[in-house]
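Engineer: sharing a sequence plus its predicted fold:
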Amino acid sequence: MGKPNSINTFDFMLKGLRRKWQVKGGWQLIDLPNDFFIVKFNLEEDMNYVLCSGPWILAGRTFIVRKWRPDFDPVNEVIGKMALWVRICGFPVKYFKDYTVANIGKVLGDVVKVDQVTIGQARGKFARVCVEIDLSKPLRRFVEVESVAYSVIYEGISLICFECGCYGHAKDKCPTIATDPPVPTC
């Protein structure tokens with residue numbers, strides 16, 4: 001999201017991702033039009049690690065990682081979805097089961113993965129699930145389970161508008177806030 005502060009974007013991305021991605025096998029970065037990239041992994045487990053361990057941030061910008069699809073067209077593609085980790089705060093440990101957390105995650109988006117630390121009940125402050133969210137729709141601040149609301153924290157994204165709930169701008173730049181017309185002066 002956004003352009004990195006670099007003259008040579010390809011080299012910037014390559015160096016930054018090499019530092020961040022601690023993978024077992026090799027990988028290759030291929031640049032495409034409109035600041036899109038393809039990453040070819042030698043090992044499927046490395047691809048899954050990159051898909052599920054983000055969000056990845058370079059130079060203060062979120063690098064959206066998605067699985068390649070045959071109809072991908074970098075000239076006309078619009079970034080509409082993003083996979084990220086979500087915390088469901090105060091969620092009771094009795095619900096820390098793969099099936100239950102995944103069902104709650106479906107309320108927020110398409111479930112990619114349930115955190116194994118959550119399932120193992122190693123920590124109890126929140127349940128954690130990786131979901132693919134639709135960036136054009138308002139993000140939910142709460143989920144309700146058995147008439148109890150639990151707050152939701154979206155990890156690694158800073159441009160969430162808490163006026164309209166959408167990603168991509170802060171509340172002070174929200175297009176849905178009606179601005180008062182200027183008061184005429186004499």
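Structural biologist: Perfect, thanks for sending it. Residues are numbered from 1 along each chain as shown.
Engineer: list the contacts of the host helix or strand of Ile57.
Structural biologist: If you go by DSSP states H and E, Ile57 is part of strand 56-58. By CB atoms under 8 Å, 6 or more residues apart in numbering, the residues outside strand 56-58 that reach it are 4, 12-13, 16-17, 20-21, 50, 62-63, 65, 156. In short, each C-beta sits where N, CA and C put it, glycine included.
Engineer: among these, which ones are buried?
Structural biologist: 4, 12-13, 16-17, 21, 50, 62-63, 65 (16 or more other CB atoms under 10 Å).
Engineer: what's the domain layout of the chain?
Structural biologist: 9-63, 81-172 (automatic domain parsing).
Engineer: Asp73 is nearest to which of those domains?
Structural biologist: Counting by CB to CB, Asp73 lies closest to domain 9-63 out of the domains of the chain; the figure is 9.5 Å.
Engineer: before we move on, the earlier item: could you dump the domains of the chain to TSV with mean pLDDT and distance to Arg69?
Structural biologist: As requested, the domains of the chain are arranged in TSV below (pLDDT from 0 to 100; distance: least, CB to CB, whole Å):
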stretch	mean pLDDT	distance to Arg69
domain 9-63	85	11
domain 81-172	83	12
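Engineer: most packed of those?
Structural biologist: Per-stretch averages of neighbours, counted by mean count of other CB atoms under 10 Å, single out domain 81-172 among the domains of the chain, with a mean of 16.
Engineer: may I have the distance across that one, first residue to last?
Structural biologist: Using CA to CA, to the nearest Å, the span of domain 81-172 from its first residue to its last is 23 Å.
Engineer: hmm, back to that, next, format the domains of the chain as CSV and append distance to Phe72.
Structural biologist: Output for the domains of the chain, formatted as CSV (distance: least, CB to CB, whole Å):
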stretch, distance to Phe72
domain 9-63, 8
domain 81-172, 13
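Engineer: any idea which of those domains gets closest to Pro74?
Structural biologist: domain 9-63 (4.2 Å).
Engineer: would you pull up how far that closest one lies from the middle of the chain?
Structural biologist: For domain 9-63, the distance from its own C-alpha centre to the chain's C-alpha centre is 15 Å (CA atoms, centre = their mean, to the nearest Å).
Engineer: list the contacts for the spatially most central residue of the chain?
Structural biologist: In the chain, the residue lying closest to the centroid (CA atoms, centre = their mean) is Leu84, at 3.1 Å. Contact partners of Leu84, counting by CB under 8 Å, 6+ apart, are 54-55, 130-131, 133, 154-157.
Engineer: cool, and Gln28?
Structural biologist: 39-40.
Engineer: gap between Tyr95 and Val148?
Structural biologist: Here the distance between Tyr95 and Val148 works out to 11 Å (CB to CB, to the nearest Å).
Engineer: equivalent analysis for Val114, please.
Structural biologist: Counting by CB to CB, the gap from Val114 to Val148 is 20 Å.
Engineer: then Leu32?
Structural biologist: Where Val148 is concerned, Leu32 sits at a distance of 46 Å (CB to CB).
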